[in-house]
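[1] Give me a model of this one.
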Amino acid sequence: VQLVESGGGLVQPGGSLRLSCAASGFSVDGHNIGWFRQAPGTGREGVVCSGSNSDGTTYYADSVKGRFTISRDNAKNTVYLQMNRLKAEDTATYFCNAKRSGNDYWGQGTQVIVSS
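    Residues are numbered from 1 along each chain as shown. Just a heads-up that it's a prediction; the model follows:
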């Protein structure tokens, strides 16, 4: 069972990035999926949480609402986080999480740096 994030990097303020979270060993379909981030010296915070397809409810943190969008490609067993209009305060390591019943899976994270 594995979640692997990718797509992080250095981007200028106002720019965009798309993070990917590829799952193996289980299906993202039917799992609640979340993206979290952790900036240096701070705790991990939730960015977005998307219910399983049977639920479909999605919650965004106020700080990213209107700028970030979560999506899934069940055929590729991958979850995405489209991040637009990035700000310096979005700089962090981003983690994806899949949870259902007794399952609670985390990826290793991908770093996003927003700087000019």
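[2] OK, contacts around the spatially most central residue of the chain?
    Nearest residue to the geometric centre of the chain (Cα atoms, centre = their mean): W35, 3.1 Å. When contacts are counted by Cβ atoms under 8 Å, 6 or more residues apart in numbering, W35 touches 19, 21, 46-48, 68, 70, 79, 81, 94-97. Quick note: C-beta positions are derived from backbone N, CA and C, even for glycine.
[3] any idea which of those is the one closest to P13?
    For the contacts of W35, the residue nearest P13 by Cβ to Cβ is F68; the value is 15.1 Å.
[4] What score does S52 have for pLDDT?
    pLDDT, S52: 79.
[5] same check, this time on the one 10 residues further on
    Note for D62: predicted pLDDT of 97.
[6] Which secondary structure state does it sit in?
    Assigned state for D62: coil (three-state reduction, DSSP: H, G, I helix; E, B strand; the rest coil).
[7] Within the helices and strands, which one has the residue nearest to the centre of the chain?
    Per DSSP states H and E, W35 falls inside strand 32-38.
[8] Show the average pLDDT along that strand.
    Mean per-residue pLDDT for strand 32-38: 96.
[9] I'd say N84 and S16 touch.
    Yes: using Cβ atoms under 8 Å, N84 makes contact with S16 at a distance of 4.7 Å.
[10] neighbour count winner among these two?
    For N84 versus S16, neighbours defined as other Cβ atoms under 10 Å are more numerous around N84 (14 against 11).
[11] list the contacts for that one?
    N84 makes contact with S16, R67, F68, T69 under the criterion Cβ under 8 Å, 6+ apart.
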